[in-house]
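>>> For reference, the sequence and a predicted model appear below.
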Amino acid sequence: MEFPYEYFKAEIIGKTLVSETMKKARAATLETLSEVINAIEKKNLHYCALYGTLLGAVRHGGFIPWDDDIDIGMPRKDYDIFRKTCFEDLPEGYNVLDPSEEYVPELDILRINNSVAPSADPDFLRKYHGCPFVIGIDVYPIDAVPDDPEMDQGICDAMRLIARVMTIDLNIESAGVLELGEREEILQILEKSLHTSFMNDETIHIDLMRSYDKLASAFKDKKTKNVTVYRNHHDNPSHIFSADSFKTLIDVEFENMTIKIPADYNKVLETTYSGYMKPVQWKDTIHHYGFEDQQRLVYDALGYIL
């Protein structure tokens with residue numbers, strides 16, 4: 001992928017400083033996204049931009065000034081095929097993180113990274129425009145919502161319970177008696193309601209995420225009026241879209257490449273970000289991007305910094 005020299009110059013957009021470091025990271029992100037899209041399309045599967053990526057595509061023609069990641073969604077059936085076969089079409093060295101297959105703290109969606117660790121390898125830096133960071137693309141399943149509100153509520157309730165256990169376990173060593181008791185009670189409720197059992201060992205988080213994913217995809221073979229990303233819907237009842245909103249996709253420019261978005265993007269964005277076209281500026285002059293900690297890691301571990 002070619003970028004003009006000017007692309008990498010630092011600039012202030014609104015009140016946000018987009019540094020040269022971030023410009024290089026964005027170019028690397030676009031390279032990674034391009035590889036992910038190629039892998040999706042090789043299998044004749046479908047995807048579209050979601051969340052901040054969709055908002056950026058419509059409102060900015062690229063990244064939101066204070067954003068530094070990419071979110072895409074796939075229909076559940078396509079998502080399930082992709083998560084099992086994407087290794088076949090992604091470049092060597094890419095790392096697929098699937099929380100239903102391995103435990104990664106705080107990860108509850110499929111993420112595709114361009115490497116397993118920051119790298120100062122000359123070939124890697126050349127391909128990713130001088131960016132040594134691990135670049136990840138988040139992939140969300142778009143799932144059918146049952147037409148019966150009570151069924152939908154039941155799915156959301158169970159998913160919230162699973163999420164609560166995962167949250168407690170992030171700081172399990174410092175958890176108090178009340179939190180440990182809550183955790184045990186939740187697991188008993190889940191085992192009874194889901195007709196399963198969880199081994200309280202190193203596999204429990206994978207088993208919980210498999211149950212989480214099974215709940216979200218419970219109606220994947222049904223034709224329903226609405227769809228959602230259950231990861232966000234189980235805490236937000238209004239996070240529901242008409243199934244028709246994702247039936248037709250269109251190509252739009254995103255930075256210096258083309259990506260797909262829903263043709264009915266207005267309804268999708270209004271549901272996600274009401275009044276999304278109103279001018280917005282980040283409150284601070286310099287936004288703290290997620291790459292900053294990685295940058296320090298690269299400096300300490302490799303003696304390399306952008």
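That came through fine.
>>> Could you list the domains of the protein?
If you go by automatic domain parsing, the domain ranges for the chain are 5-141+243-302, 149-218.
>>> Can you get me the start-to-end distance on the shortest one?
Taking C-alpha to C-alpha, to the nearest Å, the span from the opening residue of domain 149-218 to its closing residue is 14 Å.
>>> ok now it, how far from the chain's centre?
Centroid separation for domain 149-218 versus its chain: 21 Å, with C-alpha atoms, centre = their mean, to the nearest Å.
>>> do the longest one as well
With C-alpha atoms, centre = their mean as the basis, the distance from the averaged C-alpha position of domain 5-141+243-302 to the chain average is 8 Å.
>>> which SS class is the closest residue to residue 187 other than its chain neighbours?
Counting by C-beta to C-beta, 6 or more residues apart in numbering, residue 198 is the residue found nearest to residue 187 once chain neighbours are left out, at 5.8 Å. No exception for glycine: its C-beta is placed from N, CA and C like everyone else's. Following DSSP: H, G, I helix; E, B strand; the rest coil, residue 198 is assigned to coil.
>>> Would you mind listing the residues in contact with residue 198?
By C-beta atoms under 8 Å, 6 or more residues apart in numbering, the contact set of residue 198 is 187, 190-191, 204, 207-208.
>>> now those: which count as buried?
The neighbour count (16 or more other C-beta atoms under 10 Å) marks 187, 190, 204, 207-208 as buried among those.
>>> before we move on, the earlier item: just to be sure, which of the contacts of residue 198 are found in helices?
187, 190-191, 204, 207-208 (DSSP state H).
>>> So, low pLDDT: which residues of this protein?
279-306 (pLDDT under 70).
>>> residue nearest the centroid of it?
residue 138 (2.8 Å; C-alpha atoms, centre = their mean).
>>> tell me, how many neighbours does the residue lying closest to that residue once chain neighbours are set aside end up with?
Closest residue to residue 138 apart from its sequence neighbours, by C-beta to C-beta, 6+ apart: residue 71 at 5.0 Å. Using other C-beta atoms under 10 Å, residue 71 has 19 neighbouring residues.
>>> Summarise which helices and strands the stretch of helix or strand residue 71 belongs to is packed against.
Per DSSP states H and E, residue 71 falls inside strand 70-75. Contacts defined by 3 or more C-beta pairs under 8 Å, 6 or more residues apart in numbering; DSSP states H and E place strand 70-75 against helix 20-42, strand 48-49, helix 51-59, strand 136-145.
>>> Pull up the pairing partners for it, direction included.
Each strand paired with strand 70-75, and its direction, by DSSP bridges: strand 48-49 (antiparallel), strand 136-145 (parallel).
>>> what are the C-alpha coordinates of it, in PDB please?
Extracted C-alpha coordinates of strand 70-75, given in PDB (Å, rounded to 0.1, in the frame of the first residue of the first chain):
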ATOM      1  CA  ILE A  70     -10.400  -0.600  13.600                       C
ATOM      2  CA  ASP A  71     -13.800  -2.300  14.200                       C
ATOM      3  CA  ILE A  72     -15.500  -4.500  11.700                       C
ATOM      4  CA  GLY A  73     -18.600  -6.700  11.900                       C
ATOM      5  CA  MET A  74     -19.500  -9.900  10.200                       C
ATOM      6  CA  PRO A  75     -22.800 -11.800  10.000                       C
END
